[in-house]
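# Could you work out the structure for the sequence below:
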Amino acid sequence: MTTIGAPTIRPAGAPTQAGAHPPLQLLDDQHLVQRHLEGDPRAFGALVDRYQPRLHEFIGSGGDDRERVEELVQQVFVRVFRHLRRVDPTKDLATWIYGIAANLVRDNPRQRGRDPLLPGLE
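The predicted model follows:
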């Protein structure tokens with residue numbers, strides 16, 4: 001006869017199996033960066049999920065239209081992805097990401113003026 005014991009209760013976010021990692025959304029930024037650099041393809045997605053709404057709000061506060069804001073947010077993540085290996089782990093990742101966003105927003109009018117696909121802005 002097999003007896004069924006009481007269910008094991010684990011704290012929220014505790015690994016479910018020996019050696020299993022906690023859910024990505026519970027990891028801090030530096031651990032997500034580390035996991036990304038170690039080859040976990042879900043880790044960068046977790047960073048995008050964490051920062052995308054904040055970046056939309058940050059960039060959108062400048063009055064750009066929604067499509068332009070989305071384009072700038074995507075550019076931020078492309079730059080973050082390209083340069084994540086160079087980020088200083090002792091520095092705040094959010095500050096670095098917002099710095100990239102601020103530079104893109106600042107340079108935005110200049111880029112639009114050079115865009116040959118936008119007539120009348122040359």
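
# where exactly do the helices run in this structure?
For the chain, helices defined by DSSP state H occupy the ranges 29-37, 41-60, 66-83, 93-114.

# Turn those helices into a markdown table, columns for distance to residue 22 and mean neighbour count.
C-betas here are computed from N, CA, C, even on glycine. Formatted as a markdown table, the helices of the chain follow (distance: least, CB to CB, whole Å; neighbours: other CB atoms under 10 Å):
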| stretch | distance to residue 22 | mean neighbour count |
| --- | --- | --- |
| helix 29-37 | 9 | 17 |
| helix 41-60 | 11 | 16 |
| helix 66-83 | 23 | 16 |
| helix 93-114 | 18 | 14 |
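
# can you put the ones you listed in TSV and add mean pLDDT?
TSV is the format used below for the helices of the chain (pLDDT from 0 to 100):
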stretch	mean pLDDT
helix 29-37	94
helix 41-60	94
helix 66-83	94
helix 93-114	81
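
# closest to residue 23 out of those helices?
helix 41-60 (8.9 Å; CB to CB).

# just checking, what packs against that closest one?
helix 29-37, helix 66-83, helix 93-114 (3 or more CB pairs under 8 Å, 6 or more residues apart in numbering; DSSP states H and E).

# Direction-wise, compare the second one with helix 93-114 and give the angle.
Just to be clear, that refers to helix 66-83. 120 degrees (axes from the mean of the first three to the mean of the last three CA atoms, to 10 degrees).

# neighbouring contacts of helix 66-83?
44, 47-48, 51-52, 55-56, 59-60, 64, 97, 100-101, 104-105, 108 (CB atoms under 8 Å, 6 or more residues apart in numbering).

# Only alpha carbons, please: show that helix as CSV.
The C-alpha trace of helix 66-83 is given here as CSV (Å, rounded to 0.1, in the frame of the first residue of the first chain):
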residue,chain,number,x,y,z
ARG,A,66,3.1,55.9,-30.4
GLU,A,67,4.7,54.4,-33.5
ARG,A,68,7.9,56.5,-33.0
VAL,A,69,8.0,55.6,-29.3
GLU,A,70,7.8,51.9,-30.2
GLU,A,71,10.6,52.3,-32.8
LEU,A,72,12.8,54.1,-30.2
VAL,A,73,12.1,51.4,-27.5
GLN,A,74,13.1,48.7,-30.0
GLN,A,75,16.3,50.6,-30.8
VAL,A,76,17.1,50.8,-27.1
PHE,A,77,16.8,47.0,-26.8
VAL,A,78,18.9,46.4,-29.9
ARG,A,79,21.7,48.5,-28.4
VAL,A,80,21.3,46.8,-25.0
PHE,A,81,21.6,43.4,-26.7
ARG,A,82,24.7,44.4,-28.7
HIS,A,83,26.5,45.9,-25.8
